[in-house]
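Asker: Build me a structure from this.
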Amino acid sequence: MSDPYSPSEGAGLKIPILFGIVIALLAANVYLFLQLDAVKTEVATMRESLLNEVSNIKETSSMSTQASRRNLERLKEELEAARRQAAMAAGQAKTDALKHADDLSARLAAETKRANEQTKQELSTKVEEVAATAENKIGAVSTEVGTVKQEVASTKSELDKTIQNLKRTNGDLGEQSGLIATNGRELAALKQLGERNYFEFKLAKQKLPVKVADISVRLTRADPKKNRYNVEIVADDKRFEKKDKNINEPVQFYMSKYRQPVELVVNEIRKDMIVGYLAQPKVQAARAAN
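Answerer: Residues are numbered from 1 along each chain as shown. Take a look at the predicted model:
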């Protein structure tokens with residue numbers, strides 16, 4: 001029996017195996033060659049297609065660029081035309097404006113001339129009217145002046161008569177008083193004379209004193225039937241009580257700044273009220289003045 005692994009039998013198996021491997025390699029090379037050729041063909045086709053696309057894109061871009069240029073040229077032409085029209089319109093408008101201004105100037109000159117002539121005529125008429133009115137007013141004023149002079153003279157006469165009717169009397173301190181006013185007309189006459197400073201008052205009965213000039217006065221009793229009243233006077237921080245005083249009686253008291261006595265005169269006595277005036281000397285004592 002022969003040995004299966006003998007050297008002669010092994011060599012016989014290796015040759016077919018090598019031959020098979022060679023055939024397989026050839027077949028693989030053929031397949032790879034065919035595949036490579038197909039890839040080359042496909043790449044060539046894709047390259048041609050890309051070249052066509054690029055060409056189309058260039059052509060489209062060129063056409064778009066040309067269209068844009070044409071639009072730009074058209075817009076430039078329209079702009080130039082619009083500028084020319086605007087310049088022409090401005091020139092025409094300027095001409096029209098100048099013509100309108102000339103027309104207005106001519107109308108203004110004519111209107112000014114007419115107004116001046118009318119004003120001169122109106123002024124002449126007004127001057128004549130004013131002259132006539134002034135003449136009439138002068139006459140009227142002269143008449144009024146005469147009337148006023150008569151009224152002033154009459155008033156002065158009445159004032160002189162009122163002053164003559166004023167009386168002097170002794171006050172409650174026994175001092176000779178100034179002229180005494182018994183009513184508003186006589187008080188006005190006293191103020192015209194200006195011998196003293198006069199302060200009118202209307203004093204009601206109440207708890208607190210009332211300021212009259214630089215003194216304070218408080219009414220404590222008023223009897224209109226008997227024409228009697230009581231008052232309290234505060235002057236120079238001193239209190240004076242004047243009781244049972246008559247109507248139109250000078251109530252006298254002294255203050256440090258006056259040489260003469262200050263006088264309070266009541267002209268009217270009502271229920272719980274008195275009406276009168278306060279008379280203060282105008283000349284102050286030398287010590288007070290200093």
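
Asker: Show me the strands in the stretch 51-200 of the chain, by range?
Answerer: Secondary structure of the stretch 51-200 of the chain (DSSP state E, counting those that start in this stretch): strands at 167-170, 176-180, 196-204.

Asker: got the angle for the longest one vs strand 176-180?
Answerer: What it means is strand 196-204. Between the axes of strand 196-204 and strand 176-180, defined by axes from the mean of the first three to the mean of the last three C-alpha atoms, to 10 degrees, the angle is 80 degrees.

Asker: what's the longest helix in this protein?
Answerer: helix 7-165 (DSSP state H).

Asker: Now that one: average pLDDT?
Answerer: Across helix 7-165, pLDDT averages out at 77.

Asker: same for it, what does it pack against?
Answerer: helix 184-193 (3 or more C-beta pairs under 8 Å, 6 or more residues apart in numbering; DSSP states H and E). (C-beta placed from N, C-alpha, C; glycine too.)

Asker: buried ones in the helix it packs on?
Answerer: 186-187, 189-190 (16 or more other C-beta atoms under 10 Å).

Asker: same thing with stretch 216-230?
Answerer: 217-219, 222, 228-230.

Asker: neighbouring contacts of that stretch?
Answerer: 201, 203-210, 231-235, 241-247, 264, 266, 269-274 (C-beta atoms under 8 Å, 6 or more residues apart in numbering).

Asker: What subset of the residues you listed is buried?
Answerer: Burial by neighbour count, 16+ other C-beta under 10 Å: within the contacts of stretch 216-230 this picks out 201, 203, 205, 209, 231, 233, 235, 242, 245, 247, 264, 266, 269, 274.

Asker: Just give me the closest of those residues to residue 178.
Answerer: For the buried ones among the contacts of stretch 216-230, the closest approach to residue 178 (C-beta to C-beta) belongs to residue 264, at 12.4 Å.

Asker: give the contact list for the nearest residue to that closest one once chain neighbours are set aside.
Answerer: Of all residues not flanking residue 264 in the chain, residue 251 sits nearest, at 4.4 Å (C-beta to C-beta, 6 or more residues apart in numbering). Residue 251 makes contacts with 171-172, 231, 233, 242, 245, 263-266, as judged by C-beta under 8 Å, 6+ apart.

Asker: Those residues in strands, which ones?
Answerer: Counting by DSSP state E, the part of these found in strands is 231, 233, 242, 245, 263-266.

Asker: Could you dump those into CSV with distance to residue 74 and pLDDT added?
Answerer: Listed next are the ones in strands among the contacts of residue 251 as CSV, based on distance: C-beta to C-beta, whole Å; pLDDT from 0 to 100:
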residue, distance to residue 74, pLDDT
231, 115, 97
233, 114, 97
242, 119, 96
245, 120, 97
263, 115, 96
264, 113, 97
265, 114, 97
266, 114, 97
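
Asker: can you redo those residues as JSON lines with distance to residue 21?
Answerer: Output for those, formatted as JSON lines (distance: C-beta to C-beta, whole Å):
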{"residue": "231", "distance to residue 21": "163"}
{"residue": "233", "distance to residue 21": "161"}
{"residue": "242", "distance to residue 21": "167"}
{"residue": "245", "distance to residue 21": "170"}
{"residue": "263", "distance to residue 21": "167"}
{"residue": "264", "distance to residue 21": "164"}
{"residue": "265", "distance to residue 21": "167"}
{"residue": "266", "distance to residue 21": "166"}
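
Asker: which phi and psi does residue 171 have?
Answerer: Main-chain dihedrals, residue 171, degrees, to the nearest 10: phi -80, psi -180.

Asker: Quick check, it in contact with residue 252.
Answerer: Yes - with contacts counted by C-beta atoms under 8 Å, residue 171 reaches residue 252, the gap being 3.7 Å.

Asker: which residues do these two both contact?
Answerer: Common contact partners of residue 171 and residue 252 (C-beta under 8 Å, 6+ apart): 177, 261, 263.

Asker: Most neighbours among these, which one is it?
Answerer: Counting neighbours by other C-beta atoms under 10 Å, residue 263 comes out on top of the shared contacts of residue 171 and residue 252 with 24 neighbours.
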